[in-house]
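**Student:** Mind looking at a prediction? Sequence and model below.
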Amino acid sequence: MSKQIAIDGPAGAGKSTIARKVAAELGFIYVDTGAMYRAMALYMLKNGIKAEESDKISATCDSADITIRHENGEQVVFLNGENVNGQIRTEEVGNMASASSVNGDVRRKLVELQQKLASEADVVMDGRDIGTVVLPNANVKVYLTASSRVRAERRFKELTAKGEKCDIDVIEKDIIERDYRDMHREISPLKQADDATLVDSSDMTIDEVAKTIIDLYRKAI
Ligand code: DC
């Protein structure tokens, strides 16, 4: 049986940084499920489909062939054969992903792909519904969060380091709106699984959070 670590939590909680580090230390592969929802959103945007056109999203999602490869420990997402890693990190794609991920047909397709990946290798998988829906029997489940202000500050630092002009209050408002959408959608809303450990990273370093998760894993197996 493959080993599974599930990390869920709101946008900007540091899931991907932590999941990548834990995976590297344990020799697991890191599966970023948000990137799959982003690739699907990119496909919708390329086809001129809007967030509110749920019938069109349902009808179109089956022609999006999303596959994952790992190159030098990094996940590469392919959309109909094209490497789209460089196109999925924009705010436009992120907002469309938050909107199109409420669609049941999109979720069914991507959950199937995620479960297949987890059956083939030891994984650290992050997202919103990993502990609740995708990997209900994961060896370790963590719900990673941080206050909206701390998450906005982290995002602000990332963007300003890239030379982008931004306003921290706008970023925080955006984070709160996205949390609300992710937590209140009908299908697979973001919530802490009953058997998940809550980790609040507001006052923790990356190393401390990673160590907490690795310790949980070592105790669990
Ligand atoms: O983690 P992220 O920002 O890359 O995710 C983009 C969007 O995809 C997020 O707003 C919600 C959605 N998502 C989801 O619904 N379920 C997942 N397992 C992962 C992401």
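**Tutor:** That came through, no problem. Numbering: from 1, shown residues only.
**Student:** When you work out contacts or count neighbours from here on, use the C-alpha atoms and nothing else.
**Tutor:** Fine.
**Student:** Pretty sure residue 219 sits in a helix.
**Tutor:** Yes - membership of residue 219 in a helix is supported by DSSP: H, G, I helix; E, B strand; the rest coil.
**Student:** Can you tell me how far residue 178 is from residue 172?
**Tutor:** Using C-alpha to C-alpha, to the nearest Å, one gets 10 Å for the distance from residue 178 to residue 172.
**Student:** where does the chain have low pLDDT?
**Tutor:** Along the chain, segments meeting pLDDT under 70 are nowhere present.
**Student:** Enumerate the residues of it near the ligand.
**Tutor:** With C-alpha under 6 Å from any ligand atom as the criterion, the chain comes near the ligand at residues 11, 33-35, 37-38, 94, 97-98, 101, 127-130, 182.
**Student:** List the residues that contact residue 134.
**Tutor:** The neighbours of residue 134, taking C-alpha atoms under 8 Å, 6 or more residues apart in numbering as the test, are 111, 114, 115.
**Student:** Check which helices and strands the host helix or strand of residue 215 is in contact with.
**Tutor:** Following DSSP states H and E, one finds residue 215 within helix 206-220. Based on contacts counted as 3 or more C-alpha pairs under 8 Å, 6 or more residues apart in numbering; DSSP states H and E, the elements that helix 206-220 packs against are helix 15-26, strand 140-145.
**Student:** Put the alpha carbons of that helix into PDB.
**Tutor:** Below are the C-alpha coordinates for helix 206-220, written out as PDB (Å, rounded to 0.1, in the frame of the first residue of the first chain):
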ATOM      1  CA  ILE A 206       8.600  26.500   7.600                       C
ATOM      2  CA  ASP A 207      11.000  24.100   9.300                       C
ATOM      3  CA  GLU A 208       8.900  23.900  12.400                       C
ATOM      4  CA  VAL A 209       5.700  23.100  10.400                       C
ATOM      5  CA  ALA A 210       7.500  20.500   8.200                       C
ATOM      6  CA  LYS A 211       9.000  18.800  11.400                       C
ATOM      7  CA  THR A 212       5.500  18.700  13.000                       C
ATOM      8  CA  ILE A 213       4.100  16.900  10.000                       C
ATOM      9  CA  ILE A 214       7.100  14.500   9.700                       C
ATOM     10  CA  ASP A 215       6.800  13.700  13.400                       C
ATOM     11  CA  LEU A 216       3.000  13.000  12.900                       C
ATOM     12  CA  TYR A 217       3.900  10.600  10.000                       C
ATOM     13  CA  ARG A 218       6.600   8.700  12.000                       C
ATOM     14  CA  LYS A 219       4.100   8.200  14.800                       C
ATOM     15  CA  ALA A 220       1.400   7.000  12.500                       C
END
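**Student:** Where do the strands of this protein begin and end?
**Tutor:** Listed in chain order, the strands found in the chain under DSSP state E are 4-8, 29-32, 66-71, 74-79, 82-83, 123-127, 140-145, 197-200.
**Student:** Now do the third one: everything it contacts.
**Tutor:** Among residues not part of strand 66-71, those counted as contacts by C-alpha under 8 Å, 6+ apart are 29, 36, 39, 40, 75, 76, 77, 78, 79, 80.
**Student:** Nearest to residue 200, out of the residues you listed: which one, please.
**Tutor:** residue 29 (23.8 Å; C-alpha to C-alpha).
**Student:** Let me see the contact set for the residue nearest to that closest one when sequence neighbours are not counted.
**Tutor:** Nearest residue to residue 29, sequence neighbours excluded (C-alpha to C-alpha, 6 or more residues apart in numbering): residue 123, at 4.9 Å. When the contact criterion is C-alpha under 8 Å, 6+ apart, the partners of residue 123 are 2, 3, 4, 5, 23, 28, 29, 30, 31.
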